[in-house]
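Peer 1: here is my input, please return the structure:
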Amino acid sequence: MGEPKGPPKDPLTQMAIAINKRITAASHAAEIFGIVEKEHQWFDTVCLATAMHKLANLRGAPNLHAQIVQAPEFFRLKQLILERRHEFTARNIANTLWSLAKINHHPGEPFLQAMAEEVKEKVADGNAQNVANVLWAFATLGYNPGSEILDVLAAAVEAKLDEFTSQNMSNAVLAFAKLEYRPPDSCLEGLARTALQRIKTFSPQALSNTLWGLSKLDIKADELMEAIGQEARSQLYEYNSQNLANSVWAYANIGVNPGEELLQDFARAAIQKMPEFSPQNISNFLWAFAKLGVKSPDLFIEAGRHGARVMHTFTPQSIANMIWAFATLEQCPDGAFLQALVGHALRLLPDFSPQNLSNTAWALATLKECEPVRLLHRGLLASIATEVTRRLLEPAAADDFSRQHLANLVWALATLEYDPGKRSLLALADALVNRADLCNPQEVSNSVWAFAKLGHYDGQLMNAMASEATRRIEEFSQQNLSNLAWAYAKLAHLDEELMTAIADRAEAMAGELSLQHVTNIIWAYSSLKWSTPSLMTVLVAEVKARMASQQFNLQQLSNLLWSLAIAECCDTQIWTACIEQLGALDIPFVELPSEALTQIFQAYMLMLAEAPDQQWPIPEQLLALGQNAWVQSTKRITISEFHSEVSRMLAAMGVEHTIEHLTDDHLFSVDIALPEERIAIEVDGPHHFTTNTFRRLGEMYCRHTLLKARGWRVVSVPFYHWSGESDENRQSLLRRVIAEARAAPIPEVHATQMIMAQRLEGLRLGFEARLAEWQTCSAPARRAPMGMALQQGTGLAQSAGLAHGGYGLPQSPGLGQAAFGQQSASLAQQQQTLEQLQQLLSAKEAAMQLLNSLAAQQAAAQQLGAEHPGASLPQASLPAQPAAAYPAGTHLQPAGLLVQPSNAAAALGRRGLSPLFLQQPGAGQPAAASAFAAAQQQQQQQQQQQALGAALGLSPEAAARLLQAQVQASRSASGASLGRSGSLSAASTASSGSAGGSGSQPSHRSLGQGGAPGFGPAP
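Peer 2: So this is what the prediction gives:
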């Protein structure tokens, strides 16, 4: 017999060894649990650790581990481990913790805390694998044992680095990152040094984990990260989707660009493995490329296709990150992908975080020019706005929104021109007010820009943002400053402290402002008719210097001319330079949008009024076109209830007056005029004043100045002196303003004004004559393509001002056919469209005036007949053929609407009805009750029906129904207002896409509000 190989083992040890072998050999959880249940009293610590380890390594059904941790025997096993933990070695502890992490079972804080204490005492005795496993287990279980124990573990890592394998090192770095623990620099330097030495031994998993951990810890180990990238390239096609996504995410997260070549290699590998990518991996991969600013169209196309297929598995975070990546790199998503994304997002919207909501809205706005986004964004954006509003109205949920979330949300709504309604905007405004002191300059300017763009005024928001902006004005960039000034002017909110701060900042950085910034700031201060003593001097000097070497665009030039004229700081030098630059634009004058033409014409009129003795050169063609655009705006007349109230009050006071009285030059319609005395009573509503201080705006100054230049004594009836006042106070106000006007001398009309009026009248009449002559040529001639020599026509396009040159110049009829043939097809189409619009507008104006006046007259007369038999009522009508009264292409010249004070008019005023009717030529017969006998009334209605049918092209039956509906509406209305329902306001007909602006077209009542900036802030 041979000698024994060691000291004899006691029976308990031998029994424990035998049990351990049976546990190791077991293939089912039931076998292990049976041993635990029957023989646990013979277990040593090795048996306990082996049982846990074996359970973790079992393979079977997907829910096997979930079944294991619910078994009573498993609970018993944990109790035994906890009771005997003091006997455990470092290896036993590491194996136990690793096993719990492997089966994803958190045993509870008391258990882990007790085991962590054992780790602190014994980890130094373990090997490198034990240390790495403990760290990995704590991290996987999401348990942070505290800095004291982590310091011990970091020291153990540093002491045993020579024993660490590549997997040990990557697990240690990964664990430190997940536990948000930054080990001492000596430990990190040792890990980096050792990893660099052994980089060739790292697997794809180890490489990606190490890179991810360094990124999370914000450790820019440049040499190691470069080495990882090079090694990754050699193993790239062994990477799985998780490795690929984690690697590029790590580079982006830490802000290290490993180079275009390596990233494109990652993209190609990802395209090949795209079917394996989970939603999180797809979104993280694209997010990383977007963050690093690296475009890979093929990658995004393939990711979009795969995303569309698996969209039903996307989380809100993945949806938001993926669409954000597309937007950041300006990659237009595929329609199928976007449709799937929108549909899935709508279902998950209640689960979106505020960041997800904000990023998604921002992305949609950034991609607004993309065709699929234009078609599909509205429903999702509306739902986002509704969801945000719902949460903001719940105090607990509202706190989750940061000021950046809110600023980006309102910016997105404004950029996409989607108005979510007052309820949503009020909720957003209130939330921003509460966070105003936390907003940075970009968020301040974006927020107020968005509310201005949406046309929603909130005084609290404007005050709060003004205070914050004033305090931090030195931090504002050029674009932030420009947008801030534009927004406050657009909403007519004058905060003098803020505007002073903006002016000082603009002066200090004038040389750094772009052309757009300069013109926007000048426009803002001119619109508010407010400035500091030196701002305009500095900015005008800057504009003059820039014009010598830079070309301004159309919007900038038209806004600049209008603004400088309003600000009274335009001289002949800058005027001439602007006009020359307009001529240098690659846009023929005939193709200029009406907004630009109107602003230029306003500016020209204002300069003649402010400095009539100076020369203000302007091409005849441009002047004629500007006049025509301006004249078209005078046709759009609406009479507000405020306007009607003032007129009724004057009638009750016995003051004879006309409303919407056309000036002699046909350029202005006076609100209420006393023509014989040259008194213009302007009824000025809220939009003529600053919203918060009721200071008059630039457009009001412009209008009053131009009326005075035409010999009118101008007085104002402001809304804030009228609203809520008694009739007695209102009459007192009217007496005061009329007395004020009568006491003032009638302004002298400068000779220059009279010369200009004659010149403009000649241009107008010449244009109308030439246009009519041109319209007589055949349709093929008007539609001829560019350069075609026509067989018909007489060159009338040129003589009518439709060719590129010669508009408005005296022309002789019968010019050569070749001259006419030079016009482009686009100009012919524009003129044809203009002709059709003019016909429709003229017909509608005539018909609706007829309809309003006749119906209101009839209703009023019936009521008066009962109250005041024999009372005289002014009769109203239009010519028998209203459409013909305003032929297409001619200027509508509505006469002043004569109002005669009478008992009937007074009675109408008491009943809330307006006596503002046109006088019918030859009418004037008594309007006694007998005048409305059945036979006469029927005959009158037939005449009205015929006129209405002729104007609108209706059948007699349809005209009758429409007339009856109007009569009924007039009877129930509080007052009959001529033109209220039949007129088109400037805002309703303005073009929104001209010259890059987004403001409404200025009209005779809104002189040059100016276009909105042609750009939007980026979050």
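Peer 1: for stretch 344-359, C-alpha coordinates in PDB please.
Peer 2: Extracted in PDB, the C-alpha atoms of stretch 344-359 (Å, rounded to 0.1, in the frame of the first residue of the first chain):
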ATOM      1  CA  HIS A 344     -46.100  54.100 -33.000                       C
ATOM      2  CA  ALA A 345     -45.200  57.400 -31.300                       C
ATOM      3  CA  LEU A 346     -48.800  58.400 -31.100                       C
ATOM      4  CA  ARG A 347     -49.600  55.200 -29.200                       C
ATOM      5  CA  LEU A 348     -46.700  55.600 -26.800                       C
ATOM      6  CA  LEU A 349     -46.900  59.400 -26.300                       C
ATOM      7  CA  PRO A 350     -48.100  59.200 -22.600                       C
ATOM      8  CA  ASP A 351     -44.900  57.300 -21.900                       C
ATOM      9  CA  PHE A 352     -42.600  59.800 -23.500                       C
ATOM     10  CA  SER A 353     -40.400  61.700 -21.100                       C
ATOM     11  CA  PRO A 354     -40.200  65.500 -21.400                       C
ATOM     12  CA  GLN A 355     -36.900  65.100 -23.100                       C
ATOM     13  CA  ASN A 356     -38.400  62.700 -25.600                       C
ATOM     14  CA  LEU A 357     -41.300  65.000 -26.300                       C
ATOM     15  CA  SER A 358     -38.900  68.000 -26.700                       C
ATOM     16  CA  ASN A 359     -36.400  66.200 -29.000                       C
END
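Peer 1: for that stretch, give the mean pLDDT please.
Peer 2: Stretch 344-359 comes out with an average pLDDT of 97.
Peer 1: could you give the separation of that stretch from the chain centroid?
Peer 2: 19 Å (Cα atoms, centre = their mean, to the nearest Å).
Peer 1: give the buried residues for that stretch.
Peer 2: Buried residues in stretch 344-359, defined by neighbour count with 16 or more other Cβ atoms under 10 Å: 344, 345, 349, 352, 354, 355, 356, 357, 358, 359. Every C-beta, even on glycine, is put in place using the N, C-alpha and C of the backbone.
Peer 1: so where do the helices sit in the stretch 651-800 of the chain?
Peer 2: 698-709, 727-743, 751-775, 779-782, 796-799 (DSSP state H, counting those that start in this stretch).
Peer 1: swap in the stretch 51-200 of the chain?
Peer 2: For the stretch 51-200 of the chain, the helices defined by DSSP H, counting those that start in this stretch occupy 64-70, 72-83, 90-102, 109-122, 128-141, 147-159, 166-178, 185-197.
Peer 1: which one of the ones you listed lies nearest to residue 367?
Peer 2: Closest approach to residue 367 among the helices of the stretch 51-200 of the chain (Cβ to Cβ): helix 166-178, 33.7 Å.
Peer 1: give me the below-cutoff pLDDT ranges for this structure.
Peer 2: For the chain, residues meeting the criterion pLDDT under 70 lie at 1-9, 771, 774-1019.
Peer 1: mind listing residues that contact stretch 290-305?
Peer 2: Outside stretch 290-305, the residues that touch it by Cβ atoms under 8 Å, 6 or more residues apart in numbering are 248, 251-253, 257, 260, 263-264, 267, 270-271, 274, 277, 282, 285-286, 289, 322, 324-326, 328-329, 331, 333-334, 336-337.
Peer 1: likewise for stretch 344-361?
Peer 2: 311-312, 314-317, 319-321, 323-324, 379-381, 383-384, 387-388, 391, 400-402, 404-406, 408-409, 412-413.
Peer 1: how far is it from where the chain is centred?
Peer 2: With Cα atoms, centre = their mean as the basis, stretch 344-361 stands 18 Å off its chain's centre.
Peer 1: do the same with stretch 216-228
Peer 2: 40 Å.
Peer 1: repeat for stretch 243-261
Peer 2: In this view, stretch 243-261 has its centroid 32 Å away from the chain centroid, taken as Cα atoms, centre = their mean.
Peer 1: on that earlier part again, buried subset of the contacts of stretch 290-305?
Peer 2: Using 16+ other Cβ under 10 Å, the buried ones in the contacts of stretch 290-305 are 248, 251-253, 263-264, 267, 270, 274, 277, 282, 285-286, 289, 322, 324-326, 328-329, 331, 333-334, 337.
Peer 1: hmm, back to that, will you turn the helices of the stretch 651-800 of the chain into JSON lines that also has mean neighbour count and distance to residue 110?
Peer 2: Below are those laid out as JSON lines (neighbours: other Cβ atoms under 10 Å; distance: least, Cβ to Cβ, whole Å):
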{"stretch": "helix 698-709", "mean neighbour count": "22", "distance to residue 110": "74"}
{"stretch": "helix 727-743", "mean neighbour count": "14", "distance to residue 110": "80"}
{"stretch": "helix 751-775", "mean neighbour count": "17", "distance to residue 110": "93"}
{"stretch": "helix 779-782", "mean neighbour count": "17", "distance to residue 110": "92"}
{"stretch": "helix 796-799", "mean neighbour count": "26", "distance to residue 110": "93"}
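Peer 1: ok, which of those comes nearest residue 131?
Peer 2: Among the helices of the stretch 651-800 of the chain, the nearest to residue 131 by Cβ to Cβ is helix 698-709 (74.7 Å).
Peer 1: OK, contacts around the nearest residue to residue 97 once chain neighbours are set aside?
Peer 2: In space, residue 97 comes closest to residue 137 once its chain neighbours are excluded; the distance is 3.8 Å by Cβ to Cβ, 6 or more residues apart in numbering. Under the criterion of Cβ under 8 Å, 6+ apart, the neighbours of residue 137 are 94, 97, 98, 100, 101.
Peer 1: cool, and residue 432?
Peer 2: So residue 432 contacts 403, 406, 407, 410, 439, 447, 461, 464, 465 (Cβ under 8 Å, 6+ apart).
Peer 1: one step back: just the buried ones out of the contacts of stretch 344-361, please.
Peer 2: Buried members of the contacts of stretch 344-361, scored by 16+ other Cβ under 10 Å, are 311, 314-317, 319-321, 323-324, 380-381, 383-384, 387-388, 391, 401-402, 404-406, 408-409, 412-413.
Peer 1: ok, back up a step: by neighbour count, which of the contacts of residue 137 wins?
Peer 2: Counting neighbours by other Cβ atoms under 10 Å, residue 97 comes out on top of these with 29 neighbours.
Peer 1: okay, the helices of the stretch 51-200 of the chain in a markdown table with distance to residue 705 next?
Peer 2: Listed next are the helices of the stretch 51-200 of the chain as a markdown table, based on distance: least, Cβ to Cβ, whole Å:
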| stretch | distance to residue 705 |
| --- | --- |
| helix 64-70 | 83 |
| helix 72-83 | 89 |
| helix 90-102 | 81 |
| helix 109-122 | 79 |
| helix 128-141 | 75 |
| helix 147-159 | 74 |
| helix 166-178 | 69 |
| helix 185-197 | 73 |
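Peer 1: out of these, nearest to residue 435?
Peer 2: Relative to residue 435, the nearest member of the helices of the stretch 51-200 of the chain by Cβ to Cβ is helix 166-178, separated by 31.6 Å.
Peer 1: off-centre distance for the closest one?
Peer 2: With Cα atoms, centre = their mean as the basis, helix 166-178 stands 45 Å off its chain's centre.
Peer 1: now do stretch 466-477
Peer 2: 22 Å.
Peer 1: quick one: buried residues of that stretch?
Peer 2: Using 16+ other Cβ under 10 Å as the test for burial, stretch 466-477 gives 466, 468, 469, 473, 476.
Peer 1: for those, which one is nearest residue 612?
Peer 2: Relative to residue 612, the closest of those is residue 466; by Cβ to Cβ it sits at 39.0 Å.
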